[in-house]
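Peer 1: I would like the atomic coordinates for the input below:
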Amino acid sequence: MALAKPVDSGSVGAPKPAFPLQPGTDKYKVNLQMGAQSMALESSSEVKEEGGHWMITDTANTPMGEAKDSSVLEKRHALPSEAQRESGAGVNSGRV
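Peer 2: Coordinates of the predicted model:
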């Protein structure tokens, strides 16, 4: 077995988006099945343009409560600059 040579991550660059983001909200009904059990969820993904950034919020309404992931993307190259996750009583956030 031969290992691949290490790659300098700075020389690779960022991936290009497959398509441009568009403002709007998509809503989904989800049914998770685990063996004989199932759980119905509602999910949504909202994209907003704000101050030269894309604000993206994914929300899932579950029997255990709401879970929300929010991201801020730089509009010119769609790279994340900030992220936040909320679930139950906890909030995790950070800057990239």
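
Peer 1: skipping adjacent residues, who's closest to residue 41 in space?
Peer 2: The shortest distance from residue 41 to any non-neighbouring residue, by CB to CB, 6 or more residues apart in numbering, is to residue 30 (4.2 Å). (Glycine included, C-beta is placed from N, CA and C.)

Peer 1: looking at this, the one you found is in a strand?
Peer 2: Yes: if the criterion is DSSP: H, G, I helix; E, B strand; the rest coil, then residue 30 is within a strand.

Peer 1: which pLDDT value goes with it?
Peer 2: Looking at residue 30, its pLDDT stands at 92.

Peer 1: so it touches residue 58, yeah?
Peer 2: No: with contact defined as CB atoms under 8 Å, residue 30 does not count as touching residue 58 (12.0 Å).

Peer 1: between those two, who's got more neighbours?
Peer 2: Neighbour comparison, residue 30 and residue 58: the larger count goes to residue 58, with 16 against 12 (by other CB atoms under 10 Å).

Peer 1: what sits against that one?
Peer 2: Residues near residue 58 by CB atoms under 8 Å, 6 or more residues apart in numbering: 43-46, 68-70.

Peer 1: same check, this time on residue 76
Peer 2: The contact partners of residue 76, by CB under 8 Å, 6+ apart, come to residue 52.

Peer 1: what about it, helix or strand, and which?
Peer 2: Using DSSP states H and E, residue 76 falls within no helix or strand.

Peer 1: tell me how far it lies from residue 38.
Peer 2: According to CB to CB, to the nearest Å, residue 76 and residue 38 sit 43 Å apart.

Peer 1: where exactly do the helices run in this structure?
Peer 2: Assigned by DSSP state H, the helices in the chain fall at 9-12.

Peer 1: please name the nearest non-neighbouring residue to residue 40.
Peer 2: Per CB to CB, 6+ apart, closest to residue 40 is residue 31, 5.5 Å.
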